[in-house]
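Engineer: Whatever this is, show me its structure:
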Amino acid sequence: MRRFSVCRSQTMRQLTFGLTLVRHGETRYNKEGLLQGQAIDCPLSEIGLQQAEAAGHYLKDVKFSNVFVSDMLRAKQTAETIMKHNSSCSGLQMVCDPLLKEKSFGIAEGGRVQDMREMAKAAGQSFQSFTPPGGETQEQVKERVKEFLEKMLQHIGLEHWDNRREEEASLSQQTPAVEGKADDGVKGVPIHALVVTHGAYMCVAVRYLVEELKCSLPSGSDKAHMFSLSPNTGLCRFLLTIRREGERFTQPEICCVFVHRGDHVRQ
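Structural biologist: Modelled structure (predicted):
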């Protein structure tokens, strides 16, 4: 059993919460190797619905206090299915946020992923860094990630700050462990945000957390894996500790629990 220390030394001026990122389930476009981006709001395929059900069953006993979702159909369907199976979500309101939309691929949307790979190669760029005409740059997506993270921190801080005494007591009783269980890292953590979004967006978000916010990583982490595309309904989990300065909550210390977990799909 591998354990790692959490970025915290609990005081009365900080609050720790879990963050689980989930990629939406498969769509027909995913299956056919086509780019969706923002212009194509495709629903989940039959396999995608099954994946969302599997994710819901996998996470059914994991407690969530907040749910944030991209306003695109494939993400909302995935979130609704996960919430349907989870008793802690019965009284929660799903917050749809356009900041969580997929990256825009401009003129490449609706076309083959392979065609965009060839466009990137012809331009002498990597697939991830290439921006088709009319699309978003990595930097523009990162700005949306930063804006959403700041918005989420303030939302969670304002909603849960007054309950932090109970949270600190429960957190101090256990050290999060990676044991291959659905509640890894968040067992006994009462504040836990579920965020359902998209593959390219998650790639940018994970890279931002690791490279710019200096997220601590589990022992033996492989950055090539960290920055890869999560599978449909793949899960990434982090623990964040925020502090209060006046009426605002500051950028967090962050620990990664795991990335791109797909146990529920394989099972």
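
Engineer: Quickly note the distance from the residue lying farthest from the centre of the chain to C215.
Structural biologist: Distance from the C-alpha centroid of the chain peaks at A122, with 31.8 Å (C-alpha atoms, centre = their mean). For A122, the distance to C215 (C-beta to C-beta, to the nearest Å) stands at 34 Å. Heads up, the C-betas are built off the backbone N, CA and C, glycines and all.

Engineer: With Q138 instead?
Structural biologist: Taking C-beta to C-beta, one finds Q138 at 18 Å from C215.

Engineer: So for the two, which residue has more residues nearby?
Structural biologist: Neighbour count, other C-beta atoms under 10 Å: between Q138 and C215, C215 has more, with 20 against 17.

Engineer: That one: what's it in contact with?
Structural biologist: Neighbour list for C215: 209, 238, 254-256 [criterion: C-beta atoms under 8 Å, 6 or more residues apart in numbering].

Engineer: Among those, name the buried ones.
Structural biologist: Neighbour-count burial (16 or more other C-beta atoms under 10 Å) applied to those gives 209, 238, 254-256.

Engineer: and the residues you listed, which of them are in strands?
Structural biologist: Mapping these onto strands (DSSP state E) picks out 238, 254-256.

Engineer: Extract the residue ranges of this structure that are flagged as low pLDDT.
Structural biologist: For the chain, applying pLDDT under 70 flags the ranges 1-12, 165-177, 267.

Engineer: now the strands for it?
Structural biologist: 2-3, 14-23, 66-69, 94-96, 177-178, 192-197, 235-245, 248-249, 253-261.

Engineer: Minimum distance to G106: which of these has it?
Structural biologist: In terms of C-beta to C-beta, the element of the strands of the chain nearest to G106 is strand 192-197, at 19.4 Å.

Engineer: Each with direction, which strands does the closest one pair with?
Structural biologist: Here strand 192-197 is paired, per DSSP bridges, with strand 14-23 (parallel), strand 66-69 (parallel).

Engineer: Compare those and give me the one nearest E247.
Structural biologist: strand 14-23 (14.6 Å).

Engineer: next one: that closest one to chain centre, how far?
Structural biologist: Strand 14-23 has its C-alpha centroid displaced from the chain centroid by 8 Å (C-alpha atoms, centre = their mean, to the nearest Å).

Engineer: Check stretch 85-103 too.
Structural biologist: 11 Å.

Engineer: Would you mark the buried spots in that stretch?
Structural biologist: Quick answer for stretch 85-103 (16+ other C-beta under 10 Å): 85-86, 88-89, 94-97, 99-103.

Engineer: Of the residues you listed, which pair is most distant in space?
Structural biologist: S88 and K103 (30.5 Å).

Engineer: Name the nearest residue to F249, ignoring sequence neighbours.
Structural biologist: Among residues not flanking F249 along the chain, G157 sits closest, at 3.5 Å (C-beta to C-beta, 6 or more residues apart in numbering).

Engineer: who are the neighbours in contact with that neighbour?
Structural biologist: 15, 242, 244, 248-249.

Engineer: Same question for H198.
Structural biologist: 23-24, 70, 72, 74-75, 100-103.

Engineer: Now distance to E32 too, for the residues you listed, in JSON lines please.
Structural biologist: JSON lines is the format used below for the contacts of H198 (distance: C-beta to C-beta, whole Å):
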{"residue": "R23", "distance to E32": "17"}
{"residue": "H24", "distance to E32": "16"}
{"residue": "S70", "distance to E32": "21"}
{"residue": "M72", "distance to E32": "18"}
{"residue": "R74", "distance to E32": "14"}
{"residue": "A75", "distance to E32": "19"}
{"residue": "L100", "distance to E32": "24"}
{"residue": "K101", "distance to E32": "21"}
{"residue": "E102", "distance to E32": "16"}
{"residue": "K103", "distance to E32": "19"}
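
Engineer: Now, those that are in helices?
Structural biologist: Those of the contacts of H198 mapping onto helices are 74-75, per DSSP state H.

Engineer: what's the closest of the contacts of H198 to K151?
Structural biologist: Nearest to K151 among those, counting by C-beta to C-beta, is L100 at 10.3 Å.

Engineer: ok, now how distant is that closest one from E179?
Structural biologist: Counting by C-beta to C-beta, the gap from L100 to E179 is 29 Å.
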